[in-house]
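Colleague: need a 3D model of the sequence below.
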Amino acid sequence: MTGLPKRLKLIWQKLKLPLYALEATLMLCWLVGTILVLLLLTGCSYFATPQPALPANLAVACPDVAPFDGSTLGDLMAYTVDLIGQYHECQSRMDAVGVWADRV
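Modeller: Numbering: from 1, shown residues only. As a prediction, this is how the structure comes out:
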């Protein structure tokens, strides 16, 4: 069984066309195929609308938890209240980021 290049050459010789025409035709087919594959790979991303930036007040990272350095139960209570307030502020900001992401 002969290879594909030999078969193509035999077919082309039966058509009585020069070999450079075969090479040009194959090159053109390769070029068109490559362009079609690249166009299919891009899909609709070429026409996508730009995504708006995240608002600056939502892009702030949550603060680190400060270590407890008090010595009384009242200090612990104040520390806990501040910590819970920081948590709820951060949670509401992250919820707003989720709402923003769903709208975009």
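Colleague: from now on I want contacts and neighbour counts done on CA atoms only, so please keep to that.
Modeller: OK.
Colleague: from the chain's centroid, how far away is the helix or strand harbouring residue 40?
Modeller: Per DSSP states H and E, residue 40 falls inside helix 19-42. Averaged C-alpha coordinates place helix 19-42 at 29 Å from its chain's average position (Cα atoms, centre = their mean, to the nearest Å).
Colleague: find me the pLDDT at residue 10, would you?
Modeller: For residue 10, the model assigns a pLDDT of 77.
Colleague: what is the neighbour count of it?
Modeller: Here the count is done by other Cα atoms under 10 Å, and residue 10 has 12 residues near it.
Colleague: same check, this time on residue 8
Modeller: A count of neighbours around residue 8, defined by other Cα under 10 Å, yields 12.
Colleague: state the distance from it to residue 31.
Modeller: Counting by Cα to Cα, to the nearest Å, the separation of residue 8 from residue 31 is 19 Å.
Colleague: before we move on, what about residue 66?
Modeller: From residue 66 across to residue 31, the span is 63 Å (Cα to Cα).
Colleague: who has more neighbours out of those two?
Modeller: Just comparing residue 66 and residue 31: by other Cα under 10 Å the higher neighbour count belongs to residue 31, 12 against 8.
Colleague: pLDDT value on the more buried one, please?
Modeller: Per-residue confidence (pLDDT) for residue 31: 89.
Colleague: next one: residue 45
Modeller: Per-residue confidence (pLDDT) for residue 45: 62.
Colleague: can you pull the domain assignment for the chain?
Modeller: According to the domain assignment given by automatic domain parsing, the chain is divided into the following structural domains: 4-47, 52-104.
Colleague: any idea which of those scores lowest on pLDDT?
Modeller: Across the domains of the chain, the stretch with the lowest average pLDDT is domain 4-47; it has a mean of 77.
Colleague: now that one, how far from the chain's geometric center?
Modeller: Once both centres are worked out by Cα atoms, centre = their mean, domain 4-47 turns out to sit 32 Å from its chain's centre.
Colleague: now stretch 72-86
Modeller: Per Cα atoms, centre = their mean, the displacement of stretch 72-86 from the mean C-alpha position of its chain is 42 Å.
Colleague: so which residues make contact with that stretch?
Modeller: For stretch 72-86, contacts defined as Cα atoms under 8 Å, 6 or more residues apart in numbering pick out 63, 65, 68, 70.
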